[in-house]
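Trainee: Below are the sequence and a predicted model; questions follow.
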Amino acid sequence: MVNSRLKLKYYIFSTFIIILTVFLLNIFSTVSADTPQDYNVPYNSYVYNFWEEPVPAPQAYVPDRIITGQELEIDSFSSPRDLHVNREKQQIYIADTGNNRIIIFDEKWQKVNIITQFNTEEGQDEFDDPRGIYTTSDGRIYVADRGNNRILIFSKEGEYLDKVGRPEADEFEFRDYRFLPSKVAVDQHGMMYVVADEIYEGMLEFDMDGYFTGFIGAPEVQVDFFQYIWRRFSPQERRERLSLFLPTEFSNLEIDERGLILTTVSGGAVDEEDYVRRLNPAGEDTLYRDGFTAPMGDYGTSLQDAGGEYIYQGSLFVDIIPRPNNAYSVLDQRRGRIFTYNRRGHLLYVFGFRGDQRGGFRTPRAVEAIGNKILVLDSRKENITIFEPTEYSQLIHQAEEYYTEGRFNRAVDKWEQVLDLNANYDLAYTGIGRGKLYQNNFAEAMKNFRLGQNRSEYSRAFEFYRHEVIRKNLSIVGYIFLFIFLISVIGFKYYSKFGEYYIQLKDKNRHIIFDLFQMKNYRIFQKLYYYIIDTMKSLIFGLKVIVHPFGGFWELKSENKANYLASTINLIILIATFIFMRQYTGFIFNTRNLEELNILVELASIAVPFFLWCTVNWALTTLMEGKGTFGEIYKTTAYAMLPFILINIPLTVVSNYLLLEEYMIYFLLFSLALVWSFVLLFCGTLTIHQYSLSKMFLVTVFILLGITIVIFLGLLFFNLLEQVYAFFLTIYRELTYRI
């Protein structure tokens, strides 16, 4: 009885210890978690790789706190439109547009001041639809008071100082225009830049006395060609109804630490590369765009419209802020995401989303940074979300800082830590490659640049590596050339003796083989032997065709100097050459994703156009008095591709030893192969059909048009098959569910 009680107590105590241990482990794992999957956030982070594919990444920022008017013990925000942080005073300014007030907080979110009414020369006044706010280092406050068509200037205590109204200049003399400022910024020299609605010439620039000095930075218009043609030939009434080709307006601006103007353009008639710009005082764009693509947010993605259809829509940038080391963050209102780029235009990280959960946005209007935290203002939710950086984003910024300062060893250490968190981060490999390059470790630098898909810097490292290898092995190369020279001299000296011996041996073996093939049981081998010899002669005949196309193709037609086996071998080698090029072209010139290389697709990409050309060529020329048969067309097309084979096989090997600056060599040789093959194809088709030159040009156009029609009908047919398959699949599912 005693033993059973002891056992029961032991079991109870053990169970308690196990439950307590599991509970404590769960608590500690929750507290100390710092891996991407441990952050309880409702959005995924990612970056884009070289092939414009989104790659998952650890969380860069996570929501820490949501600020509302009630929490700050003031009236609720009402459609706030702008947010600004004075980094010298560490104060936060909010344009509470719906309440027509400016609210000022310190870094701890303690209320400093609220500006609603103020005294001017004309008496007491107030805001009407304030859309933008900006402060200078001395504390002056600039407000874009859109409803009152003016820019208001206040002291750091919030006292009214001055205003800037509608510009009085020749540019506005004959224009029915209301001054509708929405954003404002001021540089260190007192020059004021204003983004105003319904202004397409650029930003308005004012001097320190408030006088209008002109426009700056107008985005270049990108006119769609078909839209232009449609307008050009439309009746006058329709032209008046069509939209004008006007540049898209700026959506926001900011002054960075060097006094340059960071601007955002919200899509429209402007090229995607100009969504973000960095303007100098002369209005010239100085933004670097060395990333895989220009800083334009999301690309290659679709959104679902009101009708349920998926349509392509790029990012809609509404705000931008400078970050440390000349980096910058851009707010995408359409998807509720913040994109951060470094000074060279490489995407560092992405975070945020549209939604009602914590950390999501409905209508984000402004983004700001205070310290290493990021603040996002949502005008529809009427709150401010504060995001805290994770270890991942902090490591990225530390690595960027060390590289900017020239501390490359420290930068390499940080980038290696980033790779521990995200092995798919191409920029980390580039950062390590740069460090290895400055350490003169060229082989390791090349390895990392290759992993980071950085072809320009890989070429730079390879240049040093190539010089180093040549310098170390120069004597060996000299000995090899000397050996080849001696062998050549000896070979020419004894060529005649070797030649006579070879001819005698060849005749002797030929008689032996011929006598053997005369035997009754070996007649089939005799035919095969002669067919192989004929095929080899046909393959060698191709060398004459590529040098003397008209004579060669005439002999191909009249004397049948090319058989089908040789032509088929040429086609097989052509396909193999194309696959070889896809796989083994030098890294600098090969921008394809080799992991997705499909042999069948590559084979079809050559075989299908080849047989389309032969088939359509035969079908059309039969109707146009062409003298060539399908077999002759097949042989001619196969032999015309020989220059592509003979040039591109060695060129593919050589491309692994060329630099990016030597691209012209690769391009010229590749172009020579293509042009030479197409010229041979043209000459061969002309010869076998016995056309005149003018008729051959016309037939070529018809053949290309016929190929286009066949491809279109083929796509239409497969689309129809897909719909029929979907129809019967739907019927099958309905019958299955109902039965």
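Mentor: It's in. Numbering: from 1, shown residues only.

Trainee: From F351, how far off is the residue positioned nearest the centre of the chain?
Mentor: Centroid-nearest residue in the chain: T293, 3.9 Å away (criterion: C-alpha atoms, centre = their mean). Distance, T293 to F351, by C-beta to C-beta, to the nearest Å: 19 Å. All C-beta atoms are positioned from the backbone trio N, CA, C, and that covers glycine.

Trainee: so the nearest residue to I216 once chain neighbours are set aside, which of the three states?
Mentor: Leaving aside its sequence neighbours, I216 sits nearest to G283 (C-beta to C-beta, 6 or more residues apart in numbering; 4.2 Å). Classification of G283 using DSSP: H, G, I helix; E, B strand; the rest coil returns coil.

Trainee: host element of the residue nearest to the centre of the chain?
Mentor: For T293, there is no host helix or strand (DSSP states H and E).

Trainee: got a pLDDT number for it?
Mentor: In this model, T293 is scored at 86, pLDDT.

Trainee: Could you check how far it is from T286?
Mentor: In this view, T293 and T286 are 19 Å apart by C-beta to C-beta.

Trainee: And Y531, by the same measure?
Mentor: The value you get for Y531 to T286, if C-beta to C-beta is used, is 69 Å.

Trainee: Give me the below-cutoff pLDDT ranges for this structure.
Mentor: Counting by pLDDT under 70, the low-confidence segments of the chain come to 1-39, 169-176, 219-248, 267-270, 300-312, 491-526, 739.

Trainee: domain assignment for it?
Mentor: Here the chain is described, according to automatic domain parsing, as comprising the domains 55-389, 412-472, 524-722.

Trainee: Helix or strand: which one has the residue lying closest to L659 once chain neighbours are set aside?
Mentor: Spatial nearest neighbour of L659, excluding adjacent residues (C-beta to C-beta, 6+ apart): S459 at 4.8 Å. Element membership of S459 [criterion: DSSP H and E] is helix 455-472.

Trainee: Could you identify the helix or strand that succeeds that helix?
Mentor: Counting by DSSP H and E, what follows helix 455-472 is helix 474-493.

Trainee: angle of that next one against helix 455-472?
Mentor: Helix 474-493 runs at 70 degrees relative to helix 455-472, counting by axes from the mean of the first three to the mean of the last three C-alpha atoms, to 10 degrees.

Trainee: Tell me which stretches of the stretch 301-450 of the chain form helices.
Mentor: Assigned by DSSP state H, counting those that start in this stretch, the stretch 301-450 of the chain shows helices spanning 391-405, 408-421, 426-438, 442-451.

Trainee: And the first one, what does it pack against?
Mentor: Contact partners of helix 391-405 among helices and strands, from 3 or more C-beta pairs under 8 Å, 6 or more residues apart in numbering; DSSP states H and E: strand 347-351, helix 408-421, helix 426-438.

Trainee: Now do I731 against L720, distance only.
Mentor: I731 sits 17 Å away from L720, going by C-beta to C-beta.

Trainee: OK, contacts around the closest residue to E457 other than its chain neighbours?
Mentor: Of all residues not flanking E457 in the chain, F449 sits nearest, at 5.1 Å (C-beta to C-beta, 6+ apart). Counting by C-beta atoms under 8 Å, 6 or more residues apart in numbering, F449 makes contact with Y429, T430, G433, R455, E457, Y458, A461.
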